[in-house]
Structures are given as structure tokens and as C-alpha cells.
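In: After the sequence you'll find the predicted model.
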Amino acid sequence: MTILVENVMTTDVAAVNQKASFHTVAELLISRGVSGVPVVDDDDHVLGVVSEADLLAKEEFKQRYYGDAYRPPLRARIRHSAGSEGSGYRKSLGETAGDLMTGPAHVTTPETPVVSAARLMDRHGVKRLPVTDSAGRLVGIVSRRDLIKVFLRADQDIEQHVRETIRAEARGVDVAVADGVVTLTGTVPEHSQAIIAVRLAENLDGVVAVHDELEWKRDDIADVPIWGGA
């Protein structure tokens, strides 16, 4: 069993329409205790995500350009608005969620494995992913905290999953699980079977680590080039 996004996502999603005002967005972030929300159109299609950082751009640039009665030269203002800080500057002028959001949004689907969703978050440096159906409509949201839930699987469930997964490769191996840490003990016919059993267990959702205490009757590794033998 692979844990999917639909198993951990939140379906009660705090979202805003692209036409929502700056004040409405700020109020929603505070009232729901979240740091960002999806922005949708009138048909609930996800357009982007607006976060606390997007809202704070307004204060940041206000202070930078107007604080202490300072007003930078026109050339400097043009450089900021057109250069690397252009996005932040434009957001500082925004009045609606559509103006403030970062888009297009990085999204996932309910059928996506949580491992893939975690990799997508890491690749793009985001803390949450809107979850959309096949038509691109918002159906949920998954956060880093939600993905951590896979490590809260009951030890008994993990043990059963490991036994079922490695059975074909390592019959008779004893499996013990404590706080998500799997320990494999016993004897298998060949060294390669022990290696495969450990790799299979390591790749299962909810497994924190695998302690390899397996023994084998024949070391077939040196006989097979793929394992690094001669």
C-alpha cells in the first residue's frame, strides 16, 4: 500500500477568489492561522497561491521607498520595478489576491504518492501544494505537516506491510518494528536477497529507518558484476 495525497490532505481548504481584497486575504490568513492560501477563479480553478510574504511586500517596499522621508532617484525606482525586485515591487502595489499571488501554482492531485508530493515541495521550495482534480479545480491542500503524518503509521501496520513486501525475496525473515524503525533478522540463502529485502523495506511509507541484522548462507555478490564484483 502506497500512501497517497488523498490520505493526508485537508479538504476544508481556506481559499480566496482572485478578486478578493487585500484586507480579505489578510483577515483569512489570521483567522485560519495559516501562512498561505490558494487563489481561485469563479469556477474554483487554481490560479496561484498568496502568502504572508506576498502581503508583507507592501510594507517592505513602503518602508524602503518612503520610510524616513527617503525617496530614491527615478532611475533607482525603475531598476527596482523592472529588475530582480520587480515581482516584489508589483506586489507592493497590489489590491486584490490576483495582484498579490504567486502563480502559476505548483499543484498536485489526490492520486499522487506523498513521496512525490514531498519531492515537488522540496524542488520548488514551497510549504504547501493545492490539490486539484482532473479539471484543475481545487479539492484540497497538502502541507509539509500533512506529509509528516506518514511517519505516524502504527508499528503493527508497518510490520505487516514490510512482511508482505519482502516475502517473495526473503521468506522466513523476522520483522520487528518500534517507533517506525524496522529491524530485520534471520538467515536468507543469498547475500543479494538480504540487500533487496532491506531496500524494499526502506522504501515503504512510514519507515523511519531499517536495521539490517540479516545473515546469508552464500555470498553471491562477488560473482555478479552489477554488485561490484570482478
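Out: Happy to help now that I have it.
In: pLDDT averaged over the host helix or strand of residue 117 - what is it?
Out: In this structure, residue 117 sits in helix 114-124 according to DSSP states H and E. Mean pLDDT, computed over helix 114-124, is 91.
In: now the angle between helix 114-124 and the helix or strand that that helix is followed by, please.
Out: Later in the chain than helix 114-124, the nearest helix or strand by DSSP H and E is strand 128-132. If you take axes from the mean of the first three to the mean of the last three C-alpha atoms, to 10 degrees, strand 128-132 sits at 130 degrees to helix 114-124.
In: Who are the packing partners of strand 128-132?
Out: Counting contacts by 3 or more C-beta pairs under 8 Å, 6 or more residues apart in numbering; DSSP states H and E, strand 128-132 packs against helix 5-8, strand 46-51, helix 114-124, strand 138-143. Backbone N, C-alpha and C define where each C-beta goes, glycine included.
In: Figure out which of these is closest to residue 103.
Out: Proximity to residue 103 (C-beta to C-beta) singles out strand 46-51 among the helices and strands packed on strand 128-132, at 2.7 Å.
In: what pLDDT does the residue lying closest to residue 149 once chain neighbours are set aside get?
Out: Spatial nearest neighbour of residue 149, excluding adjacent residues (C-beta to C-beta, 6 or more residues apart in numbering): residue 8 at 4.8 Å. Note on residue 8: pLDDT of 93.
In: Can you list the strands that the host helix or strand of residue 38 pairs with?
Out: Using DSSP H and E, residue 38 falls within strand 36-40. As defined by DSSP bridges, the strand partners of strand 36-40 come to strand 16-17 (parallel), strand 46-51 (antiparallel).
In: Can you name the residues in contact with the longest one?
Out: Contacts of strand 46-51 with the rest of the structure, by C-beta atoms under 8 Å, 6 or more residues apart in numbering, involve 16, 18, 25, 35-41, 97-98, 100-105, 107, 126, 128, 130, 132, 136-138.
In: Now, of these, which are buried?
Out: Neighbour-count burial (16 or more other C-beta atoms under 10 Å) applied to those gives 16, 18, 25, 36-40, 97-98, 100-102, 105, 107, 126, 128, 130, 132, 136, 138.
In: residue ranges of the helices in this structure, please?
Out: Ranges of helices in the chain, per DSSP state H, are 5-8, 22-32, 52-66, 74-82, 86-92, 97-100, 114-124, 144-148, 155-166, 191-202.
In: Lovely, talk soon.
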